[in-house]
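**Q** Sequence and predicted structure are below.
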Amino acid sequence: KHYNGDDTQSIRGKLAFRNDNGFDATLSLDYTQQDAALTLGRPTAPLIASDLVLGPVLLMPAPTGEYDFQTRTSFAPGHGQDMTHKGVALNMGWQLNDAWLLKSISAWRKLDTESFIDIDASEYELGDVLVAVDQSQWSQELQLQYDNGGNVSAIFGAYHLEEKVPSYQEAYADDFIVFMGIPIDFLRTIEDDLRTESTAVFASVDWSFAPTWTLTAGVRHTRETKRYDRTTSAFFGAPLEAFSADPQAVIDGARETWSATTPSLALKKAFSDNVTAYVSANKGFKSGGFNGRANSQAEADNPV
């Protein structure tokens, strides 16, 4: 009765400070702990094993009728999903004079998860997995804002982020390949580590060139560098030990950098206090990545 349950506890708080010299700061903290029991259901298709001698073997036919919420799993109790998520951010502002504001946004976050997933939704091991992720990041943004109460306002800024995402995975399939009805043990392990460094500078200007009309122009230059490591291994039991591969595929420090300059332009018309229309044109940017599913060395040799 505890399966599919969820136990989540969270706490968050903010502390704000202001003085008469144009300085203000807000400190935000949050912490979440989630302990979820294993998610269970029932298969939606026939479950079939591959016998090296007999060929396909039906383990369980596709279910029919209404689900009665009776089910089984290959995982022992206590193999659910655990997550810890926490972060802190500091937002500071200095009013330099009547027109200029300097702003700093500093943030740090960390996410740890360990999730067992019964993909075939049965007591058989046909594709059960463990996915564990240990992610952390920090970022810093600086903004210089201009607004003199006239027809021009602007924001200039710089941004930097560094992120680490090491993870570990296991796949269990002891019932998938059999020999004359005898299951053959199978385990796949995956260790990977993704590092990202992103830096950007940006600017945006609003110009109210006529009553109710505003033209906005902006530009951003972004540069992102990523590094990726991955090792995957496969282990077979008797009589297929010779097909085990440790490692099966290795990506050793693949590294790539992407960058782009992206403009934006918008024209806005305020017809009344309640109605505004605008037209805008923008160019976006998304950096590339790596083949996180490389299970052969041929795929690992060309991971970008």
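**A** Looks like it came in fine.

**Q** what's near enough to touch residue 233?
**A** Taking Cβ atoms under 8 Å, 6 or more residues apart in numbering as the definition of contact, the neighbours of residue 233 are 188, 189, 244, 245, 246, 247, 248. (Each C-beta comes from the backbone N, C-alpha and C, glycine too.)

**Q** Check the secondary structure at the last one for me.
**A** The reference is to residue 248. Three-state assignment for residue 248 (DSSP: H, G, I helix; E, B strand; the rest coil): strand.

**Q** sorry, back to before: just the buried ones out of the contacts of residue 233, please.
**A** Neighbour-count burial within the contacts of residue 233 applies to 188, 189, 245, 248; the criterion is 16 or more other Cβ atoms under 10 Å.

**Q** what separates the third one from residue 8, distance-wise?
**A** Right, the one you point to is residue 245. Counting by Cβ to Cβ, to the nearest Å, the gap between residue 245 and residue 8 amounts to 40 Å.

**Q** Show me the strands in the stretch 201-304 of the chain, by range?
**A** Chain-ordered strands for the stretch 201-304 of the chain, with DSSP state E, counting those that start in this stretch as the definition, fall at 213-236, 245-270, 276-282.

**Q** deepest of these, which one?
**A** Among these, strand 213-236 has the highest mean neighbour count (mean count of other Cβ atoms under 10 Å), at a mean of 17.

**Q** tell me which of the buried ones among the contacts of residue 233 is nearest to residue 107?
**A** Nearest to residue 107 among these, counting by Cβ to Cβ, is residue 189 at 33.1 Å.

**Q** Now do the same contact list for that closest one.
**A** Contacts here follow Cβ under 8 Å, 6+ apart; on that basis residue 189 touches 168, 169, 170, 232, 233, 235.

**Q** Could you do residue 217 as well?
**A** The contact partners of residue 217, taken as Cβ under 8 Å, 6+ apart, are 204, 205, 207, 263, 264, 265, 266.

**Q** Taking those together, which two end up most distant?
**A** So for the contacts of residue 217, where distance means Cβ to Cβ, the most widely separated pair is 207 and 263, at 15.4 Å.

**Q** wait, what's in contact with residue 155?
**A** With contacts taken as Cβ under 8 Å, 6+ apart, residue 155 has the following neighbours: 143, 144, 145, 146, 202, 203, 204.

**Q** same thing with residue 93?
**A** By Cβ under 8 Å, 6+ apart, the neighbours of residue 93 are 23, 24, 25, 101, 102, 103, 104.

**Q** Put together a markdown table for those, with pLDDT, distance to residue 270 and secondary structure on each row.
**A** Putting those into a markdown table (pLDDT from 0 to 100; distance: Cβ to Cβ, whole Å; DSSP: H, G, I helix; E, B strand; the rest coil) gives the following:
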| residue | pLDDT | distance to residue 270 | secondary structure |
| --- | --- | --- | --- |
| 23 | 95 | 33 | strand |
| 24 | 96 | 29 | strand |
| 25 | 98 | 34 | strand |
| 101 | 97 | 24 | strand |
| 102 | 98 | 29 | strand |
| 103 | 98 | 26 | strand |
| 104 | 98 | 32 | strand |
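
**Q** I'd like the residues you listed written out as JSON lines, with distance to residue 33 and neighbour count added.
**A** As requested, the contacts of residue 93 are exported to JSON lines (distance: Cβ to Cβ, whole Å; neighbours: other Cβ atoms under 10 Å):
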{"residue": "23", "distance to residue 33": "35", "neighbour count": "13"}
{"residue": "24", "distance to residue 33": "31", "neighbour count": "15"}
{"residue": "25", "distance to residue 33": "28", "neighbour count": "15"}
{"residue": "101", "distance to residue 33": "37", "neighbour count": "17"}
{"residue": "102", "distance to residue 33": "36", "neighbour count": "15"}
{"residue": "103", "distance to residue 33": "32", "neighbour count": "17"}
{"residue": "104", "distance to residue 33": "30", "neighbour count": "14"}
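
**Q** Now for those residues: which two are most distant?
**A** The farthest-apart pair in the contacts of residue 93, when distances are taken by Cβ to Cβ, is 25 and 101, at 13.4 Å.
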